[in-house]
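Student: Fold the following for me, if possible:
(chains A and B)
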Amino acid sequence: DTEVTQTPKHLVMGMTNKKSLKCEQHMGHRAMYWYKQKAKKPPELMFVYSYEKLSINESVPSRFSPECPNSSLLNLHLHALQPEDSALYLCASSQVLLSGYEQYFGPGTRLTVT
Amino acid sequence: GENVEQHPSTLSVQEGDSAVIKCTYSDSASNYFPWYKQELGKRPQLIIDIRSNVGEKKDQRIAVTLNKTAKHFSLHITETQPEDSAVYFCAASKRSNFGNEKLTFGTGTRLTIIP
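Tutor: Residues are numbered from 1 along each chain as shown, chains lettered A, B, ... in the order given. The predicted structure is shown next:
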(Lines give C-alpha, C1' and ligand atoms only; values in the text may rest on other atoms or scores of the structure.)
Protein backbone atom coordinates (compact mmCIF):
# COMPACT_ATOMS: atom_id res chain seq x y z
CA ASP A 1 0.00 0.00 0.00
CA THR A 2 1.68 3.20 -1.19
CA GLU A 3 -1.00 5.58 -0.03
CA VAL A 4 -0.86 8.76 1.97
CA THR A 5 -4.25 10.11 3.01
CA GLN A 6 -5.17 13.66 3.96
CA THR A 7 -8.24 15.24 5.51
CA PRO A 8 -10.11 17.40 4.85
CA LYS A 9 -10.04 17.67 1.05
CA HIS A 10 -11.18 21.28 1.15
CA LEU A 11 -11.16 23.83 3.95
CA VAL A 12 -12.42 27.39 4.08
CA MET A 13 -11.50 29.36 7.15
CA GLY A 14 -11.58 32.92 8.36
CA MET A 15 -8.52 34.76 9.55
CA THR A 16 -9.50 34.34 13.20
CA ASN A 17 -10.26 30.62 13.01
CA LYS A 18 -8.22 27.70 14.31
CA LYS A 19 -8.23 24.54 12.21
CA SER A 20 -6.08 21.47 11.69
CA LEU A 21 -5.02 19.42 8.69
CA LYS A 22 -4.43 15.71 9.11
CA CYS A 23 -2.17 13.30 7.25
CA GLU A 24 -1.83 9.54 7.68
CA GLN A 25 0.36 6.81 6.20
CA HIS A 26 0.68 3.11 7.00
CA MET A 27 3.73 2.29 4.93
CA GLY A 28 6.12 2.25 7.89
CA HIS A 29 7.80 5.40 6.61
CA ARG A 30 9.80 7.31 9.21
CA ALA A 31 10.01 10.68 7.45
CA MET A 32 6.96 12.86 6.90
CA TYR A 33 6.68 16.25 5.24
CA TRP A 34 4.40 19.24 4.83
CA TYR A 35 4.50 21.19 1.57
CA LYS A 36 2.62 24.25 0.38
CA GLN A 37 1.81 24.54 -3.32
CA LYS A 38 0.52 27.64 -5.05
CA ALA A 39 -1.06 27.45 -8.49
CA LYS A 40 1.41 26.79 -11.32
CA LYS A 41 4.31 26.50 -8.87
CA PRO A 42 6.28 23.53 -7.53
CA PRO A 43 5.67 22.24 -4.01
CA GLU A 44 7.45 24.34 -1.40
CA LEU A 45 8.82 22.51 1.64
CA MET A 46 7.52 23.69 5.04
CA PHE A 47 8.43 21.06 7.64
CA VAL A 48 10.15 17.69 7.86
CA TYR A 49 9.71 15.13 10.63
CA SER A 50 12.22 12.32 10.95
CA TYR A 51 11.45 9.57 13.48
CA GLU A 52 8.68 11.74 14.92
CA LYS A 53 11.06 14.60 15.63
CA LEU A 54 10.97 17.92 13.80
CA SER A 55 14.18 18.01 11.79
CA ILE A 56 13.57 20.82 9.31
CA ASN A 57 11.52 24.01 9.62
CA GLU A 58 11.91 26.12 6.50
CA SER A 59 11.39 29.40 8.38
CA VAL A 60 7.64 28.96 8.33
CA PRO A 61 5.57 31.60 10.22
CA SER A 62 4.40 30.51 13.66
CA ARG A 63 0.74 30.62 12.57
CA PHE A 64 1.54 27.17 11.13
CA SER A 65 2.27 24.61 13.85
CA PRO A 66 3.16 21.02 12.95
CA GLU A 67 2.69 18.00 15.18
CA CYS A 68 3.67 14.36 14.79
CA PRO A 69 1.77 12.33 17.43
CA ASN A 70 3.15 9.01 16.18
CA SER A 71 4.98 7.48 13.23
CA SER A 72 1.79 7.23 11.12
CA LEU A 73 0.21 10.61 11.76
CA LEU A 74 1.14 14.18 10.93
CA ASN A 75 -0.95 17.24 11.75
CA LEU A 76 -0.69 20.88 10.75
CA HIS A 77 -2.42 23.29 13.11
CA LEU A 78 -3.51 26.58 11.59
CA HIS A 79 -4.23 29.80 13.46
CA ALA A 80 -4.69 33.44 12.42
CA LEU A 81 -3.91 32.73 8.77
CA GLN A 82 -3.73 35.36 6.06
CA PRO A 83 -5.45 35.28 2.65
CA GLU A 84 -2.04 34.72 1.02
CA ASP A 85 -1.83 31.39 2.88
CA SER A 86 -4.54 30.05 0.58
CA ALA A 87 -2.94 27.14 -1.28
CA LEU A 88 -2.85 23.37 -1.70
CA TYR A 89 -1.22 21.79 1.35
CA LEU A 90 0.45 18.51 0.57
CA CYS A 91 1.67 15.88 2.98
CA ALA A 92 4.31 13.37 1.92
CA SER A 93 6.18 10.46 3.45
CA SER A 94 9.28 8.43 2.71
CA GLN A 95 11.53 5.78 4.09
CA VAL A 96 14.89 6.96 5.25
CA LEU A 97 17.37 5.40 2.85
CA LEU A 98 21.07 5.92 2.53
CA SER A 99 21.25 6.65 -1.16
CA GLY A 100 18.00 8.40 -1.88
CA TYR A 101 14.38 7.79 -1.21
CA GLU A 102 10.98 7.70 -2.84
CA GLN A 103 8.66 10.36 -1.53
CA TYR A 104 4.92 9.72 -1.80
CA PHE A 105 2.43 12.58 -1.71
CA GLY A 106 -1.07 12.67 -0.33
CA PRO A 107 -3.93 14.20 -2.37
CA GLY A 108 -3.66 17.49 -0.52
CA THR A 109 -6.00 19.86 1.30
CA ARG A 110 -7.19 22.85 -0.71
CA LEU A 111 -7.20 25.70 1.81
CA THR A 112 -8.98 29.00 1.28
CA VAL A 113 -8.52 31.78 3.83
CA THR A 114 -11.22 34.46 3.72
CA GLY B 1 21.71 25.54 -1.26
CA GLU B 2 20.66 23.47 -4.24
CA ASN B 3 19.17 25.17 -7.29
CA VAL B 4 17.33 23.24 -10.00
CA GLU B 5 16.47 24.79 -13.36
CA GLN B 6 13.94 23.15 -15.66
CA HIS B 7 13.24 23.72 -19.36
CA PRO B 8 11.06 24.23 -21.23
CA SER B 9 8.24 25.70 -19.14
CA THR B 10 5.66 24.59 -21.71
CA LEU B 11 5.86 21.89 -24.36
CA SER B 12 3.32 20.83 -26.97
CA VAL B 13 3.87 17.55 -28.76
CA GLN B 14 1.88 15.70 -31.40
CA GLU B 15 0.45 12.42 -30.15
CA GLY B 16 2.86 9.59 -30.88
CA ASP B 17 5.93 11.85 -30.95
CA SER B 18 8.58 12.04 -28.23
CA ALA B 19 8.91 14.67 -25.50
CA VAL B 20 12.10 15.68 -23.70
CA ILE B 21 12.32 17.81 -20.55
CA LYS B 22 15.68 18.93 -19.21
CA CYS B 23 16.91 19.93 -15.76
CA THR B 24 20.20 21.20 -14.41
CA TYR B 25 21.29 21.23 -10.79
CA SER B 26 23.94 23.16 -8.92
CA ASP B 27 25.06 20.99 -5.98
CA SER B 28 27.51 18.28 -7.04
CA ALA B 29 26.66 16.39 -3.81
CA SER B 30 23.10 15.74 -5.02
CA ASN B 31 22.64 12.04 -5.57
CA TYR B 32 18.94 11.39 -6.12
CA PHE B 33 16.82 12.76 -8.97
CA PRO B 34 13.09 11.97 -9.10
CA TRP B 35 10.51 13.09 -11.64
CA TYR B 36 6.92 13.83 -10.65
CA LYS B 37 3.82 14.11 -12.81
CA GLN B 38 0.98 16.29 -11.56
CA GLU B 39 -2.36 16.33 -13.30
CA LEU B 40 -4.69 19.25 -12.71
CA GLY B 41 -6.09 19.21 -9.17
CA LYS B 42 -4.22 16.02 -8.25
CA ARG B 43 -1.19 15.05 -6.19
CA PRO B 44 2.33 14.90 -7.59
CA GLN B 45 3.04 11.29 -8.55
CA LEU B 46 6.50 9.81 -8.73
CA ILE B 47 6.94 8.41 -12.24
CA ILE B 48 10.64 7.58 -12.36
CA ASP B 49 13.81 8.33 -10.45
CA ILE B 50 17.53 7.88 -10.87
CA ARG B 51 20.42 7.71 -8.46
CA SER B 52 23.88 9.10 -9.06
CA ASN B 53 25.50 5.71 -9.55
CA VAL B 54 23.42 5.11 -12.69
CA GLY B 55 23.51 6.95 -16.02
CA GLU B 56 20.18 5.88 -17.47
CA LYS B 57 16.98 4.22 -16.35
CA LYS B 58 13.98 3.16 -18.39
CA ASP B 59 10.43 2.15 -17.52
CA GLN B 60 8.28 1.34 -20.56
CA ARG B 61 7.77 4.64 -22.46
CA ILE B 62 9.62 6.74 -19.88
CA ALA B 63 13.37 7.09 -19.49
CA VAL B 64 15.66 9.33 -17.49
CA THR B 65 19.31 10.10 -18.23
CA LEU B 66 21.84 11.63 -15.86
CA ASN B 67 25.10 13.39 -16.71
CA LYS B 68 26.90 13.99 -13.41
CA THR B 69 29.79 15.83 -15.00
CA ALA B 70 27.54 18.38 -16.63
CA LYS B 71 25.07 18.27 -13.71
CA HIS B 72 22.02 17.75 -15.81
CA PHE B 73 19.33 15.12 -16.16
CA SER B 74 16.50 14.65 -18.63
CA LEU B 75 13.12 12.97 -18.90
CA HIS B 76 12.25 11.28 -22.17
CA ILE B 77 8.71 10.18 -23.01
CA THR B 78 8.27 8.18 -26.21
CA GLU B 79 5.06 7.42 -28.14
CA THR B 80 3.21 10.13 -26.24
CA GLN B 81 -0.47 9.70 -25.47
CA PRO B 82 -3.16 12.22 -24.44
CA GLU B 83 -2.98 10.97 -20.83
CA ASP B 84 0.63 12.14 -20.68
CA SER B 85 -0.67 15.72 -20.61
CA ALA B 86 0.24 17.13 -17.19
CA VAL B 87 2.79 19.27 -15.37
CA TYR B 88 6.11 17.50 -14.85
CA PHE B 89 8.51 18.47 -12.06
CA CYS B 90 12.12 17.38 -11.75
CA ALA B 91 13.82 17.41 -8.36
CA ALA B 92 17.21 16.84 -6.79
CA SER B 93 18.32 15.90 -3.30
CA LYS B 94 21.27 14.80 -1.22
CA ARG B 95 21.70 13.14 2.13
CA SER B 96 21.55 15.64 4.99
CA ASN B 97 22.76 15.49 8.57
CA PHE B 98 19.21 14.70 9.60
CA GLY B 99 19.26 11.29 7.94
CA ASN B 100 16.81 12.26 5.26
CA GLU B 101 16.88 14.52 2.29
CA LYS B 102 15.21 17.71 1.13
CA LEU B 103 13.82 17.70 -2.38
CA THR B 104 14.55 20.81 -4.41
CA PHE B 105 12.06 21.05 -7.26
CA GLY B 106 12.39 22.53 -10.70
CA THR B 107 9.81 25.09 -11.81
CA GLY B 108 7.78 22.59 -13.80
CA THR B 109 6.96 21.86 -17.45
CA ARG B 110 3.41 21.89 -18.71
CA LEU B 111 3.24 19.14 -21.34
CA THR B 112 0.32 19.12 -23.76
CA ILE B 113 -0.21 16.21 -26.12
CA ILE B 114 -2.05 17.23 -29.27
CA PRO B 115 -4.35 14.46 -30.59
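Student: Run through the residues of chain A sitting next to chain B.
Tutor: Counting by C-beta under 8 Å from any C-beta of the partner chain, the residues of chain A close to chain B are A:31, A:40-43, A:45, A:48, A:50-51, A:55-56, A:90, A:94, A:96, A:98-108. Placement of C-beta: from N, CA and C, glycine included.
Student: Pull out the buried residues from those.
Tutor: Those of the residues of chain A next to chain B that meet the buried threshold are A:31, A:42-43, A:45, A:48, A:50, A:55-56, A:90, A:94, A:100-101, A:103-108, by 16 or more other C-beta atoms under 10 Å in any protein chain shown.
Student: all helices for chain B, in order.
Tutor: Assigned by DSSP state H, chain B shows no helices.
Student: closest point of it to chain A, which residue?
Tutor: residue B:32 (2.9 Å; C-beta to the nearest C-beta).
Student: Just to check, that residue is in contact with residue A:101?
Tutor: Yes. Residue B:32 is in contact with residue A:101 according to C-beta atoms under 8 Å; the separation is 7.0 Å.
Student: Could you pick out the residues of chain B near chain A for me?
Tutor: Counting by C-beta under 8 Å from any C-beta, the residues of chain B that sit close to chain A are B:31-32, B:34, B:36, B:42-46, B:49, B:51, B:53, B:87, B:89, B:93, B:95, B:98-103, B:105-108.
Student: Find me the pLDDT at the residue of chain B closest to chain A, would you?
Tutor: Turning to residue B:32, the model gives it a pLDDT of 89.
Student: Show me what it bridges to in the sheet.
Tutor: residue B:51, residue B:93 (DSSP bridges).
Student: Would you check how far apart it and residue B:70 are?
Tutor: When distance is defined by C-beta to C-beta, to the nearest Å, residue B:32 is 17 Å away from residue B:70.
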